[in-house]
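*Asks:* Just the structure for this:
(one chain, ligands or ions: 1)
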Amino acid sequence: MAEASTPEQSQQVITYEVKSRADVTQQDVNDLGVFVSEEINRAKLDRTEQNLDDAAIHTMAAKALADYMRNEEDMDLIIARDRDGKLIGYRLIGFASVANNKKKVTGTYIGVKPENRRQGIGLNLLSRSIQAILDRGITEYETDVRREVPSLYDRLGITYTTHPLPDPEIRPAGSQRLIVHLK
Ligand SMILES: CC(C)(COP(=O)(O)OP(=O)(O)OC[C@H]1O[C@@H](n2cnc3c(N)ncnc32)[C@H](O)[C@@H]1OP(=O)(O)O)[C@@H](O)C(=O)NCCC(=O)NCCS
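*Replies:* Here you go, the predicted structure:
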């Protein structure tokens, strides 16, 4: 499924693809790999705390995607591409089955290229992923986030409670655990 955003949402044409596990291709995996390599190179050149944190987060996302593919686990991958088809943002969510045919969220990852931030792409990715979560009958989930992510939920009018993370000293500054309430 692919659709263009409205011009007000972005100055350039961004296409969003919402993919369940069966729809994710090796090309998507490779495209995320290119995104991650570029962000690692950025961090090597400019070793700001933010670049280093971001590169670590994107690396975890690429590893999670590889694990979900290998283990055939349920997931949704939402990709934002620019007009040239280059992957400039992603949202990855893993799901596991629990009792009574229910599902739970097991992992959440989001990232947008620094040069494409503050154009609403993160909001678009997050809102599409919320729909994917609701489609699985899930109305509450736990997610470990950092810095600006809670304000994305605020902007979507989604409520959450905040909780301290275990081992805060080894987490990036501003990390916290949210329990997100969708109903
Ligand atoms: C978090 C991230 C995905 C947001 O992507 P984005 O495309 O820039 O987000 P949006 O443009 O949709 O921002 C929506 C709103 O969130 C808030 N926001 C986003 N980035 C912000 C920042 N750096 N500082 C303050 N508020 C911010 C603002 O309210 C913003 O609305 P506004 O631009 O109209 O003020 C992006 O910053 C990113 O990739 N960060 C590095 C990876 C990361 O931290 N992932 C999350 C791990 S838990």
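*Asks:* Return the residues in contact with the residue of the chain found nearest the ligand.
*Replies:* In the chain, the residue that lies nearest the ligand is residue 122 (2.5 Å; Cβ to the nearest ligand atom). For every residue, glycine as well, the C-beta is placed using N, CA and C. By Cβ atoms under 8 Å, 6 or more residues apart in numbering, residue 122 lies in contact with 89, 110, 112, 152.
*Asks:* again with residue 66
*Replies:* residue 29.
*Asks:* Residue 95 contacts residue 74, correct?
*Replies:* Yes: between residue 95 and residue 74 a contact is recorded at 4.1 Å, counting by Cβ atoms under 8 Å.
*Asks:* wouldn't residue 51 be in contact with residue 40 here?
*Replies:* No: assessed by Cβ under 8 Å, residue 51 is found out of contact with residue 40, at 9.3 Å.
*Asks:* Contact residues of the protein facing the ligand?
*Replies:* For the chain, the contact set with the ligand under Cβ under 6 Å from any ligand atom comprises 54, 57, 110-112, 117-123, 145-146, 148-149, 151-152, 155.
*Asks:* Just the mean pLDDT for the helix or strand encompassing residue 91, thanks.
*Replies:* For residue 91, the element it lies in under DSSP states H and E is strand 87-97. Averaging pLDDT along strand 87-97 gives 97.
*Asks:* What strands flank whichever helix or strand comes after it, and is each parallel or antiparallel?
*Replies:* The first helix or strand that comes after strand 87-97 along the chain, using DSSP H and E, is strand 103-112. With DSSP bridges as the test, strand 103-112 is paired with strand 87-97 (antiparallel).
*Asks:* ok so, going back, does the residue of the chain closest to the ligand lie in a helix or a strand, and which?
*Replies:* helix 121-135.
*Asks:* Using PDB, write out every CA atom in that helix.
*Replies:* C-alpha atoms of helix 121-135 as PDB (Å, rounded to 0.1, in the frame of the first residue of the first chain):
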ATOM      1  CA  ILE A 121       7.300  12.600   8.600                       C
ATOM      2  CA  GLY A 122       7.700  11.200  12.100                       C
ATOM      3  CA  LEU A 123       4.000  12.000  12.800                       C
ATOM      4  CA  ASN A 124       2.900  10.300   9.600                       C
ATOM      5  CA  LEU A 125       5.000   7.200  10.400                       C
ATOM      6  CA  LEU A 126       3.700   7.000  14.000                       C
ATOM      7  CA  SER A 127       0.000   7.500  13.100                       C
ATOM      8  CA  ARG A 128       0.200   4.800  10.400                       C
ATOM      9  CA  SER A 129       1.700   2.500  13.000                       C
ATOM     10  CA  ILE A 130      -1.000   3.200  15.500                       C
ATOM     11  CA  GLN A 131      -3.500   2.000  13.000                       C
ATOM     12  CA  ALA A 132      -1.500  -1.200  12.500                       C
ATOM     13  CA  ILE A 133      -1.500  -1.700  16.200                       C
ATOM     14  CA  LEU A 134      -5.200  -1.100  16.500                       C
ATOM     15  CA  ASP A 135      -5.900  -3.500  13.600                       C
END
